[in-house]
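Visitor: Have a look at this prediction, sequence included:
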Amino acid sequence: MRYLAALAVCLSPLLAEAGSYIVIASGDTVPVPAVLDVPAEYVGVSVYIRSAAKDAAKRIDEVNETRVRLNRAVSANPNLQIQWARSSYSAAEGSYKFSSYSGADSQSQMFVLGKLGSAGIDAVTKQIISAIKTVEAVGDASITTGDTRLGVTDPERFRKKLLGLIKDNAGEARTALGGSSLEISGVGSPVQVVQKNDKEVSLFINYRVTVKK
């Protein structure tokens, strides 16, 4: 089996089946003072399946077949699930001019998610890695994993609490600056998620307060 460990990875928000969704936290900093810290509900590991076969059709088949194997392995653990992110298939054929081949890759990116409960992030991450390691990649395909990030289900359910925090912050700003009125913009933007530590995520709305005199 080809199993590679990669350090650099970008985890993005993921949409689940209808009705709910899981957002994986980014590694960014929080740009606003009104923040709500909540316990994480999921840990996610990004996974890439790539094929460097010379034949374009073979690359696509190998990625898809390996993805089916991964899905089967993850489904065997009721605490884990896969959310697909994107696939990129190159139609370029390999060059036979040189003895070493470095043709265009075809790849599929996904996230293996584990629900956090009584088990901590380390234990759930081990479950995820163990499931991935059971998968034998097809042909010239390889499986690459990235780092871990925490996540929560449907962060929009915290919007009301965040709006209350924004209101309090705006009032404090007006009092401190001595303004007669204020304008708050951006409150309709999505609730964003940033990882705070190994147990919590920080939720915020990217708003702006303007105090008028």
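Guide: Arrived safely, thanks for sending. Here the structure is a predicted model, which means the values were calculated and not measured.

Visitor: Now A119: which helix or strand?
Guide: Assignment of secondary structure by DSSP states H and E places A119 within no helix or strand.

Visitor: burial count for it?
Guide: Neighbour count for A119, taken as other CB atoms under 10 Å: 15. (C-beta placed from N, C-alpha, C; glycine too.)

Visitor: how about low-confidence regions in this protein?
Guide: Within the chain, the stretches falling below the threshold (pLDDT under 70) are 1-20, 85-105, 179-180, 213.

Visitor: same thing but at 80, please
Guide: Within the chain, the segments meeting pLDDT under 80 span 1-20, 84-106, 173-175, 177-182, 211-213.

Visitor: So which residues of it form helices?
Guide: For the chain, helices defined by DSSP state H occupy the ranges 56-75, 121-133, 159-177.

Visitor: Between these, which one is closest to V32.
Guide: Each of these was scored for nearness to V32 using CB to CB, and the closest is helix 159-177 (8.0 Å).

Visitor: For that closest one, buried residues please.
Guide: Along helix 159-177, the positions that meet the burial threshold by neighbour count (16 or more other CB atoms under 10 Å) are R159, L162, L165, I166, N169, A170, A173, R174.

Visitor: Now do the strand ranked longest in the chain and helix 56-75, the angle between them.
Guide: Ranked by residue count, the top strand of the chain under DSSP state E comes out as strand 141-153. Relative orientation of strand 141-153 and helix 56-75, computed by axes from the mean of the first three to the mean of the last three CA atoms, to 10 degrees: 50 degrees.

Visitor: So which bits of strand 141-153 are buried?
Guide: Residues of strand 141-153 classed as buried: A141, S142, I143, T144, T145, G146, D147, T148, R149, L150, G151, V152 (neighbour count, 16+ other CB under 10 Å).

Visitor: for stretch 22-31, same thing?
Guide: Judged by neighbour count using 16+ other CB under 10 Å, the buried positions of stretch 22-31 are I22, V23, I24, A25, S26.

Visitor: Can you get me the start-to-end distance on it?
Guide: Start and end residues of stretch 22-31 are separated by 22 Å (CA to CA, to the nearest Å).

Visitor: any residues touching it, and which ones?
Guide: 11-14, 16, 40-42, 44, 83, 111, 113, 149-153, 155, 192-195, 201-202, 204, 206 (CB atoms under 8 Å, 6 or more residues apart in numbering).

Visitor: Pipe the buried residues of stretch 22-31 into CSV and attach distance to A137 per row.
Guide: CSV is the format used below for those (distance: CB to CB, whole Å):
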residue, distance to A137
I22, 26
V23, 29
I24, 24
A25, 29
S26, 29
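
Visitor: From these, which land in strands?
Guide: Short answer: the buried residues of stretch 22-31 in strands (DSSP E) are I22, V23, I24.

Visitor: Same list (those residues) but as CSV, adding distance to A52.
Guide: As requested, these are exported to CSV (distance: CB to CB, whole Å):
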residue, distance to A52
I22, 31
V23, 32
I24, 27
